[in-house]
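Engineer: Prediction below, plus the sequence it came from.
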Amino acid sequence: MIPIHPSAPALRRLACAAALLLAGCASVDVAPLEKLDERSGDTLIIVRQPLEFVRVRPSLDGTRDFVRLVAVEEDHVGQYNTWLLAYRWTTIDKAPSPVPDERLGALQLQGDDRQWSLQPLAAVPDSLRARRDLYAPAPAPFAAWAYRVSLSDLNVIAASAVLTLRLPQEEIADPLQLLGDGRPALLQFAQREGPH
């Protein structure tokens, strides 16, 4: 018999798949939510748990940068748009938090051996603007952006064993690390049945 030695990326994918399988066996519901937008009549399908990233700034005492990513699909009379919403805010332990600059919306997601460079839309679509049911942060001031994404990219992101995020337009080069692991919910969102 010939011994098989899988590569490191293959082992990471296998470990991630096993973790996601075990997470799916837990009692936590990760199925996407459906909401009717009463203003437009559109249906919004929302990931049950967002991805949340954090970076502690070494040069400033107690300062943390956060980015929350929320997958949303909008059904507008049978036309589907898939969005990734990003909320960016900073907390400072002993001072008021500044509002992040809304002009700095570029994101780079690194998942295992893949990278996604995302450029924001000119404006967040009206149906997605500042909605509490879309996990907008409170009470900190925040900036928000929307990105067009595909379900296949969200599927690969969700299956990544290691996931980090960079804000390439900001001065701080350190990546943000995954804090709130919504990967099982994102995988369920990306792989759900139905017309999309």
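Structural biologist: In hand now; what should we look at? Residues are numbered from 1 along each chain as shown.
Engineer: Report the distance from the host helix or strand of residue 156 to the chain centre.
Structural biologist: Take DSSP states H and E as the rule and residue 156 turns out to sit in helix 151-158. Relative to its chain's centre, helix 151-158 lies at 11 Å (Cα atoms, centre = their mean, to the nearest Å).
Engineer: The helix or strand just after it - contacts with which helices or strands?
Structural biologist: Remark: after helix 151-158, the chain's next helix or strand is strand 163-166, criterion DSSP H and E. If you count contacts as 3 or more Cβ pairs under 8 Å, 6 or more residues apart in numbering; DSSP states H and E, strand 163-166 packs onto strand 51-56, strand 107-111, strand 176-180. (Glycine included, C-beta is placed from N, CA and C.)
Engineer: Against which helices or strands is the last one packed?
Structural biologist: The one in question is strand 176-180. For strand 176-180, the helices and strands in contact under the criterion 3+ Cβ pairs under 8 Å, 6+ apart are strand 51-56, strand 64-76, strand 163-166.
Engineer: Need the contact partners of the shortest one.
Structural biologist: When you say that, I think you mean strand 163-166. Outside strand 163-166, the residues that touch it by Cβ atoms under 8 Å, 6 or more residues apart in numbering are 51, 53, 67, 69, 107-111, 157, 173, 175-178, 183.
Engineer: Restricted to buried residues, select these in ChimeraX.
Structural biologist: Paste this into ChimeraX to select the buried members of those, with burial taken from 16 or more other Cβ atoms under 10 Å:
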select :51,53,67,69,107,109,110,111,157,175,176,178,183
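Engineer: so which pair among the contacts of strand 163-166 is furthest apart in space?
Structural biologist: 173 and 183 (24.6 Å; Cβ to Cβ).
Engineer: Do you have the strands of this protein handy? List them.
Structural biologist: In the chain, the segments counted as strands under DSSP state E are 33-36, 43-46, 51-56, 64-76, 79-91, 107-111, 114-118, 143-148, 163-166, 176-180.
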